[in-house]
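J.: Coordinates for the following, if possible.
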Amino acid sequence: MKKILVAAILLIGCISASAQNFGVGGGFVNSSTRFGNSEADAMNGFYAQGTADLNLTNAFSIVAGLRYMYTGANKDLFFFTGKTTNHTIGVPVMAKANLFNNGDLKAFIFAGPTFYYGLSSKSNVAGAVIDHYKNGPFNQFNVTVGGGVGLDAMEAVRFTIGYDYGVTNKYKANSSTKANTADIRFGVAFLF
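T.: Have a look, this model is predicted:
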């Protein structure tokens, strides 16, 4: 997985070297983890990211970036209420297809994978700190696939709505139990 993350970062470097548009922005994220068929455990937060667009044709481009995501919530854990926080870094690599372009407004759809690495995932329960990566049940690596829709206004501001579903098992403690993530994002970016 580390090789995949390194390869994705190198891909961003190559795209950035020949990119025509750059974007910096962020927004709201709702991230959930579902264990098997159980109800999903959701947390809200925010993300910040930088992107680079490589236009292949007038209608098609590749968008790669670097995303930081924070989620947190007060949760019922082990019969106690605890505060859980997650810090994650991701490398999205998306194919983007323009739907229409009237000069000032450009609508598009996008889809592709995102390669995530968990920087920190901790819960504070009754004064005890539980590290979900170091001595807990979760894998630090996650690969998601997803897509969304977006709108560029006056080649200066980009609005997006996206959804990602985790295709890797986040639960390392028991191979028969599957834990998959799902993220919904609403964001705004400034283009230059």
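J.: From one end of stretch 155-172 to the other, what's the distance?
T.: In stretch 155-172, first residue to last residue: 44 Å (CA to CA, to the nearest Å).
J.: looking at the sheet around the most centrally placed residue in the chain, what are its partners?
T.: Per CA atoms, centre = their mean, the C-alpha nearest to the average position across the chain is that of G90, at 5.8 Å. Counting by DSSP bridges, G90 is bridged to R67, Y116.
J.: distance of it from T114?
T.: Here the distance between G90 and T114 works out to 5 Å (CB to CB, to the nearest Å). Every residue, glycine included, has its C-beta placed from N, CA and C.
J.: what residues do the two have in common as contacts?
T.: Counting by CB atoms under 8 Å, 6 or more residues apart in numbering, the shared contacts of G90 and T114 are R67.
J.: pLDDT below threshold where in the chain?
T.: Scanning the chain for pLDDT under 70 picks out 1-19, 76-80, 173-175.
J.: all strands of it, in order?
T.: In the chain, the strands defined using DSSP state E lie at 21-35, 41-55, 60-77, 80-101, 105-125, 128-131, 141-153, 157-166, 179-191.
J.: With adjacent residues omitted, what lies nearest to M154?
T.: What sits nearest to M154 in space, not counting adjacent residues and going by CB to CB, 6 or more residues apart in numbering, is D104, at 5.2 Å.
J.: right, and the one you found touches A156 too?
T.: No: taking CB atoms under 8 Å as the definition, D104 is not a contact partner of A156, at 9.8 Å.
J.: Which strand residues bridge G45?
T.: Here G45, judged by DSSP bridges, has bridge partners V29, T71.
J.: surely it meets T84?
T.: No: the pair G45 and T84 does not pass the contact test of CB under 8 Å, sitting 10.8 Å apart.
J.: Can you pull the residues that touch both of those two?
T.: The contact sets of G45 and T84 overlap at G72 (CB under 8 Å, 6+ apart).
J.: Nice, that's everything, thank you.
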